[in-house]
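>>> starting from these lines, generate the structure:
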Amino acid sequence: MERDDGLDELLLARYTSRPATVEICTDTVDRAERLIDELGWRSWYPVGSVRAAALAHESAHEHFHHRATRTALKEAIGHTALRLGRFRVLAHVAGAEEIAAHAHARTVCGLGRSPLLLTAALAAAVGAPGREN
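This is a model prediction of the structure:
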C-alpha cells in the first residue's frame, strides 16, 4: 500500500500484522533518494534501492511475528534472563529485531552500507529546523 504522508511522521515504511500490510511512504522514499545524491552515497545505495530495502526490512518484521523466527533470534543473541539449573529463559533484547531487519535488507538488496545509516541521515535531514524536505 502506498501513501504520501510519511515525512510528517518520519516514516519510510510500516508493517502491520492485522491485516498483514506493508505501507510504503512515497514522499519519504523520494526524499531519501534525493538525500543519497546530496551526500554522494549513490555507490552504496543504487537507484531504487530505498524502496527495495524498505520492503525487505518490513518483510523481516513479518517473519518476526512467527515464534520460530523470534526464538532463533533470541538463541543467536544468547542473552539469558533467568536460569534454574539446566533450564534457562532467553531474554528479549530491545532493538534486536530492528537491527536484524536492517541487516536483512542490506544483505537481500546487496547494499554497500546498512540502511540504518541512511535512516539516521534521513532523520537528521528531515528533522533539522530550517532544512528543506
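
>>> please pick out the residue of the chain most distant from its centre.
Most distant from the centre of the chain: Gly85, at 37.4 Å, with distances by CA atoms, centre = their mean.

>>> how close does that one sit to Ile77?
Using CB to CB, to the nearest Å, Gly85 is found at 22 Å from Ile77. Bear in mind the C-beta positions are built from the backbone N, C-alpha and C, glycine included.

>>> so the residue farthest from the centre of the chain versus Lys74, what's the distance?
If you go by CB to CB, the gap between Gly85 and Lys74 works out to 20 Å.

>>> phi, psi for the nearest residue to Arg88 once chain neighbours are set aside please.
Spatially, and ignoring its direct neighbours in sequence, Arg88 is nearest to Thr80 (4.9 Å; CB to CB, 6 or more residues apart in numbering). Backbone torsions of Thr80, given as degrees, to the nearest 10, read phi -100, psi 130.

>>> what about Thr80, neighbour count?
Thr80: 11 surrounding residues under other CB atoms under 10 Å.

>>> also Leu10?
13.

>>> now do the contacts for it.
By CB atoms under 8 Å, 6 or more residues apart in numbering, the contact list for Leu10 reads 28, 122-123, 126-127.

>>> distance of it from Ala120?
11 Å.

>>> repeat for His65
Applying CB to CB to His65 and Ala120 gives a distance of 26 Å.

>>> what's the answer for Val47, then?
21 Å.

>>> try Ser43
From Ser43 to Ala120 the distance is 18 Å (CB to CB).

>>> over to Val126?
The value you get for Val126 to Ala120, if CB to CB is used, is 11 Å.
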